[in-house]
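S.K.: let me see the structure of the following:
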Amino acid sequence: MAATTPTVTRGGSSRGAVSRVVRHAVLIVFVLLMTYPLLWMLVSSFKPSNLILSQTGLFPGEVTLENYADGWDALGSPFSLFLGNSLLIGVGSVLGNLFSCSLTAYALARLNFRMSKLYLALTLMTIMLPFHVLVIPQYILFAELGWINTYIPLLLPKFLATDAVFIFLMVQFIRSLPRELDQAAMIDGAGPFRIFWSVILPLMQPALITTTIFTFIWTWNDYFGPLLYLTRTELYTVPVALKSLVDTETQSGIGTMFAMSLLSLVPIVLFFVFAQRYIIKGIATTGIK
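M.R.: Numbers count the residues shown, from 1 in each chain. Okay, here's the model as predicted:
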């Protein structure tokens, strides 16, 4: 028995090593398949526009930087202006959602007032309401107020707690906190807002981080809202600017669009890389499945 034990161990170890190699090989192939479109866009951004669709391989026959030079000032303004516009709207939207959604969630989860459950139900029902149903009345309202070609229609709703997804997320998180914390603060003379600011809000970090990450990513990628309310080129966000680079008549804008699309991915990729552990922590803590 003692003589055969090492043989069995070596056999099991060899099978385990082979299994790990196979799993890693499958994962590598899967990653290459998933990243191929991004790699193709990266390579195509260095090709002349007339060769992008004719030479579809990952190894360019001719390399040029003209797409980046032409795309940077293609719309009459440097592309950094559009990156700054998107950053401004993204940061403003994050601050608006953190402020309004956290206050609304605290009121619905902790304060006892008439029809609080009805208000929560109505809030959650807005998740099922298609966004396009509200487009026309909202546009008429903002047009009557003279807010077209401003960032107010894109930022103001964020400060009015219109993102019910994040409200529901925060409500569920606040309900998981023990009410004894509120009662202890009340004994010390704290009112509702003081309890929210000093007790509840510091404990909501995972929910706040999750809200920050998804609000920024969704706002950065939003195309319809800026396209609807912004018609002046200097106010364009990145998605609208990228669409404007495409010439629908010819293929001349494909190369510049790929080059600027790659540049527009840099901020969001860096944001995701640095916030990845917070994304995992936030999703695991707040119970999003």
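S.K.: and the closest residue to S116 other than its chain neighbours, how close does it get to L203?
M.R.: In space, S116 comes closest to L108 once its chain neighbours are excluded; the distance is 6.1 Å by C-beta to C-beta, 6 or more residues apart in numbering. No exception for glycine: its C-beta is placed from N, CA and C like everyone else's. Distance from L108 to L203, counting by C-beta to C-beta, to the nearest Å: 17 Å.
S.K.: those two: which is more packed in?
M.R.: Neighbours were counted for L108 and for L203 using other C-beta atoms under 10 Å; L108 has more, 21 against 14.
S.K.: show me what contacts that one?
M.R.: Listed by C-beta atoms under 8 Å, 6 or more residues apart in numbering, the contact set of L108 reads S116, Y119, L120, T123, I167, V171.
S.K.: quick one: buried residues of the helix or strand it falls within?
M.R.: Assessed by DSSP states H and E, L108 sits inside helix 79-110. Neighbour-count burial for helix 79-110 flags 79, 81-83, 85-87, 89-90, 92-94, 96-98, 100-110 (criterion: 16 or more other C-beta atoms under 10 Å).
S.K.: state the pLDDT value of the nearest residue to D73 once chain neighbours are set aside.
M.R.: Once flanking residues are discounted, D73 sits nearest to F79: 7.6 Å by C-beta to C-beta, 6+ apart. Looking at F79, its pLDDT stands at 89.
S.K.: make residue 1 into 40 and carry on from there
M.R.: Sure, I'll start counting at 40 from here, so that last one is F118.
S.K.: residue ranges with poor pLDDT in the stretch 140-289 of the chain?
M.R.: Low-confidence segments of the stretch 140-289 of the chain (pLDDT under 70): 286-289.
S.K.: just to revisit the earlier point, ok, of the contacts of L147, which come out buried?
M.R.: L159, T162, I206, V210.
S.K.: isn't the second one up against A203?
M.R.: Yes. When contacts are counted by C-beta atoms under 8 Å, T162 is listed as touching A203 (5.0 Å).
S.K.: follow-up on the earlier one: any figure for the gap between the residue nearest to S155 and I226?
M.R.: Taking C-beta to C-beta, one finds L147 at 24 Å from I226.
S.K.: so what's E101 up against?
M.R.: Here E101 is in contact with K86, P87, L90 (C-beta under 8 Å, 6+ apart).
S.K.: SS state for T250?
M.R.: Under DSSP: H, G, I helix; E, B strand; the rest coil, T250 falls in the helix class.
S.K.: so who does K282 touch?
M.R.: Neighbours of K282 in contact, by C-beta under 8 Å, 6+ apart: Y262, L266.
S.K.: where's it, which helix or strand?
M.R.: In this assignment (DSSP H and E), K282 forms part of helix 277-284.
S.K.: show the pLDDT at the nearest residue to L247 once chain neighbours are set aside.
M.R.: Nearest non-adjacent residue to L247, counting by C-beta to C-beta, 6+ apart: L137, 5.9 Å away. Here, the pLDDT recorded for L137 equals 95.
S.K.: what separates L137 from Y190, distance-wise?
M.R.: To Y190, L137 is 18 Å away according to C-beta to C-beta.
S.K.: in stretch 300-310, what's buried?
M.R.: Here stretch 300-310 shows S300, L301, L302, S303, L304, P306, I307, F310 as buried, counting by 16+ other C-beta under 10 Å.
S.K.: how deep is F253 tucked in, by neighbour count?
M.R.: 20.
S.K.: apart from its chain neighbours, what residue comes closest to it?
M.R.: F205 is the one closest to F253 (C-beta to C-beta, 6+ apart), at 7.8 Å.
S.K.: would you agree the one you found is in contact with I248?
M.R.: No. Using C-beta under 8 Å, F205 is not in contact with I248, being 11.6 Å away.
S.K.: have a look at these two and say which one is more surrounded.
M.R.: Between F205 and I248, counting by other C-beta under 10 Å, F205 is the more crowded of the two (26 against 19).
S.K.: contacts for stretch 252-265?
M.R.: Contacts to stretch 252-265, defined as C-beta under 8 Å, 6+ apart, come from residues 125, 128-130, 132-133, 136, 192-193, 197, 202, 205, 274-279, 282, 306-307, 310-311, 314, 317-318, 321.
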